[in-house]
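Q: sequence below, structure please.
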Amino acid sequence: MTAVRAGGARGLPGDPPGGLQAAAVWSLGVAVYFVAVTYRTSLGVAGIDAAERFDVGASALSGFSILQLLVYAGMQIPVGLLVDRLGTRRVLAMGIVLYTAGQFGFALSGTYGTALASRALLGCGDAMTFISILRLGARWFPARRGPLIAQLAGLVGMAGNLVSTLVLARMLQEFGWTPTFAGSAAAGAVMLVLVLLFLRDQPRDYVPPPPEDHHGRGIRAQITGAWREPGTRLGFWVHFTTQFPAMVFLLLWGLPFLVEAQGASRAEAGQLLTVLVLSNMAVGLVYGQLVARHHAARLPLALGTVAATALVWGTVLSWPGAHAPGWLLVVLCCVLGACGPASMIGFDFARPANPPERLGTASGIVNMGGFTASITTLLAVGLLLDATGDRYSIAFASIFVLQILGTTQILRLRRRAQSRERERLVASRVSAVHVPA
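A: So this is what the prediction gives:
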């Protein structure tokens, strides 16, 4: 099994050329993801406005994000299969059309029902972006760059979140609901044109390695084969346990918590959300470099992030008095900023555990983890807020339940995943040694 390039040069399996052209094509794909995250998190700065516009309470308000993420999570395996079969360019184009239509529909929605439908459409399109750019990176860059490429993709996604917290929040205050959301939808139309004109699935002079198994290539076999790998399951639980505290905070409940429970102004809350986003971007660069250079650092980084998040959240929620001090809220946002980069480590467990032709499916399974946890927590927080009269200290305590569940599964799977990964590494080296020149 070799990757064959034009001119007869041979390389190791899954080892594309990289270079400036790869960076340019991959940057275009990541720009699609950037716009998707901007749309996904736009409700995070509009939660209070949405509650007033549609006259709904906390549990109904959480329904927007729950449905959006439910569609997103449910689409991950189908999207992984589509990427493996149709390629990145087609799937990204479909995603752009869907998330742009969803954002524009949300701008025009006057009722709760139509707004819900628009967020579902947005979630469907959003679901097609991240798995696609992971596949794009695997087709354009050498495998050793995988961890850094994944972290950089997450970093760019958080830059989209920064646009939501800084630009869309201000536009919403100055121009109102419909002009803000409809105007932002124009970015999707631009991205569609660029993708159709310039994006390619892989270099022209690169042929990916052939599938390891030509039998049992049905959809069920594809999903079952990916899930049976301990590395895929470990990646799922790492993503599940690390991502959701920051996702829930940024996607919906951070702004109401800071304003209503901590007494911050909307401007101060926006600044704290910005701290979280900037922390995410900085930590992402550090984690990407550490994982790329020291593979053994993956689990310590993931588990350390979970422990730090639990410690700081517990301190904030149990702080005596009406409000936690400002410095502690800054620390909370800095620590939450590590959750996104830690969740990317999950993909680095699934990547070496699966052959290239199954990478999209495995990545989809991993990506379901954090969004499943986020959906559960969004629903729990909304229901608990309504049941307790907006007592955020009780509602946010639901975070600890999911962290305990996820950590237990990580500890249970870690040795099997590491053993299986070593077996595949040895087998790939033996295969490379015995391939004729």
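
Q: going forward, measure contacts and count neighbours with C-alpha atoms only.
A: OK.

Q: hang on, isn't residue 39 packed against residue 103?
A: Yes. Between residue 39 and residue 103 there is a contact at 6.6 Å, judged by Cα atoms under 8 Å.

Q: touching both of those two, which residues are there?
A: Residues within reach of residue 39 and of residue 103 at once, by Cα atoms under 8 Å, 6 or more residues apart in numbering, are residue 122.

Q: helix or strand with the lowest mean pLDDT in the chain?
A: When each helix and strand of the chain is scored by mean pLDDT, DSSP states H and E, strand 3-5 comes last, with a mean of 38.

Q: average pLDDT across stretch 250-269?
A: Across stretch 250-269, the average pLDDT comes to 90.

Q: again with stretch 392-402
A: Rounded mean pLDDT across stretch 392-402 is 95.

Q: now tell me what touches it from outside.
A: 241, 245, 257, 261, 310, 317-318, 373, 377, 380-382, 384-385, 388.

Q: of those residues, which is the most crowded?
A: residue 241 (32 neighbours; other Cα atoms under 10 Å).

Q: and that residue, what pLDDT?
A: Residue 241 is assigned a pLDDT of 98 by the prediction.

Q: which SSE is it in?
A: helix 230-248 (DSSP states H and E).

Q: does anything pack onto that helix? Which helices or strands?
A: Contact here means 3 or more Cα pairs under 8 Å, 6 or more residues apart in numbering; DSSP states H and E; on that basis helix 230-248 packs against helix 298-317, helix 339-350, helix 359-388, helix 398-434.

Q: show me the strands in the stretch 101-250 of the chain, by range?
A: 206-207 (DSSP state E, counting those that start in this stretch).

Q: where in it is pLDDT low?
A: By pLDDT under 70, the weakly predicted segments of the stretch 101-250 of the chain are 206-217.

Q: what ranges does it have for its helices?
A: Remark: helices assigned in the stretch 101-250 of the chain by DSSP state H, counting those that start in this stretch are 112-126, 130-140, 146-163, 169-175, 177-184, 186-198, 219-228, 230-248.

Q: CSV please, covering those helices and showing distance to residue 275.
A: CSV is the format used below for the helices of the stretch 101-250 of the chain (distance: least, Cα to Cα, whole Å):
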stretch, distance to residue 275
helix 112-126, 24
helix 130-140, 24
helix 146-163, 9
helix 169-175, 15
helix 177-184, 23
helix 186-198, 25
helix 219-228, 36
helix 230-248, 12
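
Q: so which of those gets nearest residue 291?
A: Of all the helices of the stretch 101-250 of the chain, the one in closest proximity to residue 291, counting by Cα to Cα, is helix 146-163 (6.3 Å).

Q: with just CA atoms, put the closest one into CSV.
A: Provided in CSV are the C-alpha atoms of helix 146-163 (Å, rounded to 0.1, in the frame of the first residue of the first chain):
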residue,chain,number,x,y,z
GLY,A,146,-2.8,16.0,11.5
PRO,A,147,-2.9,17.1,15.1
LEU,A,148,-1.8,20.7,14.3
ILE,A,149,-4.1,20.9,11.3
ALA,A,150,-7.1,19.9,13.5
GLN,A,151,-6.2,22.4,16.2
LEU,A,152,-5.7,25.2,13.6
ALA,A,153,-9.2,24.4,12.2
GLY,A,154,-10.6,24.7,15.6
LEU,A,155,-8.8,28.0,16.1
VAL,A,156,-10.3,29.4,12.9
GLY,A,157,-13.7,28.2,14.1
MET,A,158,-13.3,30.1,17.3
ALA,A,159,-12.4,33.2,15.3
GLY,A,160,-15.9,32.8,13.8
ASN,A,161,-17.2,32.8,17.4
LEU,A,162,-15.2,36.0,18.0
VAL,A,163,-17.1,37.6,15.1
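
Q: I'd like to know which elements that helix is packed against.
A: helix 20-41, helix 130-140, helix 266-293, helix 339-350.

Q: who are the neighbours in contact with residue 337?
A: Residue 337 sits next to 246, 276-281, 283 when contact means Cα under 8 Å, 6+ apart.

Q: could you do residue 313 as well?
A: Contacts for residue 313 (Cα under 8 Å, 6+ apart) come out as residue 332.

Q: tell me the pLDDT at it?
A: So residue 313 comes in at 96 (pLDDT).

Q: what's the separation between the spatially closest residue to residue 32 that is not a sequence neighbour and residue 141?
A: The shortest distance from residue 32 to any non-neighbouring residue, by Cα to Cα, 6 or more residues apart in numbering, is to residue 191 (6.3 Å). According to Cα to Cα, to the nearest Å, residue 191 and residue 141 sit 22 Å apart.

Q: now residue 129. Its backbone dihedrals?
A: phi -90, psi -50 (degrees, to the nearest 10).

Q: quick check: it touching residue 33?
A: Yes. In this structure, residue 129 is within contact of residue 33 by Cα under 8 Å, at 5.5 Å.

Q: hang on, the earlier thing: I'd like the helices and strands packed on helix 230-248 as TSV, with distance to residue 197 appended.
A: Listed next are these as TSV, based on distance: least, Cα to Cα, whole Å:
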stretch	distance to residue 197
helix 298-317	38
helix 339-350	29
helix 359-388	23
helix 398-434	37
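
Q: so of these, which one's packed in deepest?
A: For those, the largest average neighbour count (mean count of other Cα atoms under 10 Å) is found in helix 339-350, namely a mean of 28.

Q: tell me what angle that one forms with helix 266-293.
A: Counting by axes from the mean of the first three to the mean of the last three Cα atoms, to 10 degrees, helix 339-350 lies at 30 degrees to helix 266-293.

Q: by contact count, what packs against helix 339-350?
A: Going by 3+ Cα pairs under 8 Å, 6+ apart, helix 339-350 lies up against helix 146-163, helix 230-248, helix 266-293, helix 298-317, helix 359-388.

Q: circling back to that earlier point, and the helices and strands packed on helix 230-248, which one is worst for confidence?
A: Minimum mean pLDDT among these: helix 398-434, a mean of 83.

Q: could you check the angle helix 230-248 makes with that one?
A: Going by the same axes, to 10 degrees, helix 398-434 makes 140 degrees with helix 230-248.

Q: now do the end-to-end distance for stretch 47-62.
A: 9 Å.

Q: meant to ask about stretch 387-400
A: End-to-end distance for stretch 387-400: 19 Å, by Cα to Cα.

Q: could you give the separation of that stretch from the chain centroid?
A: Centroid separation between stretch 387-400 and its chain, computed with Cα atoms, centre = their mean, to the nearest Å, is 25 Å.
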